[in-house]
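Novice: turn this into a structure:
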Amino acid sequence: KNYVSNFESFINYYSDKDPIKLNEVEIRSYLQKLIHEGKSNSYINLTINSIKFYYETVLGMPNRFYEIERPRKKKQLPELISKEEIIKMIKSTDNIKHRCIISILYSSGLRRGEILNLKVNDIDSKRMVIKVNCAKGNKDRVTVLSPSILSDLRQYYKDYKPKEFLFEGQKGHQYSGASVLKIVSKSARNAGINKKVTPHMLRHSFATHLLE
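Specialist: Presented below is the predicted three-dimensional model:
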């Protein structure tokens, strides 16, 4: 339906011309019109796909418009939350396990998948670091372990006694990514933060606060 709708708008723009005779210059001119109208990159990409589909698949003209440039995807930085908001999130979380998850996500700058893969022996309290095995790009690294969180981690370990993974779900299985997302969202609501907060937002805030 989207292809039909976008392609219909295209041929209506050139209603006085035979679609078979349209060339790349005319297609580019139409795409420029969409850009000036403020259409999104995804809308423009969909339009290009619909045009290519018509000529290459419906009419059987392979690679008719292969030189048409596509708009680049915008890379947007994640939103930040302040140090004060993060402190409120941690303080509004009564569950020691949940508090440790939020604290480590922020203070160690871990990705959601990395915190799920943490093993008990990855916490090195002598060197005050956390070992992150097979991180992004299959690279191992170490990151900082906050002294203020170590006491919470020790209390958590006494209460929950995890066997393999640092954070385990029911029956000792690895904790789920959906559970971590719920914990972060709930603590943000409890802290009175009105925007959507994600684990990656905590990681990005960690990096930004370190720079500051």
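Novice: quick one: secondary structure of Glu69?
Specialist: When states are read from DSSP: H, G, I helix; E, B strand; the rest coil, the local structure at Glu69 comes out as coil.
Novice: heads up, I number from 38, so please use that
Specialist: OK, 38 is where the count begins now, so the last one is Glu106.
Novice: and it, how close does it get to Lys58?
Specialist: Between Glu106 and Lys58 the distance is 22 Å, computed by C-beta to C-beta, to the nearest Å. Just so you know, the C-beta spots here come from the backbone N, C-alpha and C atoms, and that holds for glycine as well.
Novice: could you list the low-confidence segments of this structure?
Specialist: For the chain, the stretches with pLDDT under 70 are 100-104, 109-115, 172-174.
Novice: the same query, at a cut-off of 80, please.
Specialist: For the chain, applying pLDDT under 80 flags the ranges 99-115, 171-176, 208-209.
Novice: show me where this protein has its strands.
Specialist: Counting by DSSP state E, the segments of the chain that form strands are 160-161, 166-169, 178-181.
Novice: dump these to CSV, plus distance to Asp189.
Specialist: Rendered in CSV, the data for the strands of the chain read as follows (distance: least, C-beta to C-beta, whole Å):
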stretch, distance to Asp189
strand 160-161, 12
strand 166-169, 14
strand 178-181, 15
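Novice: out of those strands, the one nearest Gly214 is which?
Specialist: Among the strands of the chain, the nearest to Gly214 by C-beta to C-beta is strand 166-169 (16.1 Å).
Novice: residues contacting that closest one, please?
Specialist: Taking contacts as C-beta atoms under 8 Å, 6 or more residues apart in numbering, the residues outside strand 166-169 that touch it are 141, 145, 147, 151, 155, 159-161, 177-182.
Novice: which of those residues lies closest to Pro99?
Specialist: Relative to Pro99, and with distances defined as C-beta to C-beta, the nearest of the contacts of strand 166-169 is Glu151, at 44.3 Å.
Novice: burial measure for the closest residue to Ile230 other than its chain neighbours, as a count.
Specialist: Nearest-residue entry for Ile230: Glu122, 5.5 Å, with adjacent residues in sequence omitted and distances by C-beta to C-beta, 6 or more residues apart in numbering. Glu122 is flanked by 17 other residues according to other C-beta atoms under 10 Å.
Novice: surely Glu122 meets Ala228?
Specialist: Yes - using C-beta atoms under 8 Å, Glu122 is in contact with Ala228, at 6.4 Å.
Novice: relative to Thr245, which of the strands of the chain is closest?
Specialist: Proximity to Thr245, assessed across the strands of the chain by C-beta to C-beta, is greatest for strand 178-181 (15.2 Å).
Novice: what helices or strands is that closest one leaning on?
Specialist: Judged by 3 or more C-beta pairs under 8 Å, 6 or more residues apart in numbering; DSSP states H and E, the packing partners of strand 178-181 are strand 166-169.
Novice: partner strands of the strand it packs on and their direction?
Specialist: The sheet places strand 166-169 alongside strand 160-161 (antiparallel), strand 178-181 (antiparallel), with pairing taken from DSSP bridges.
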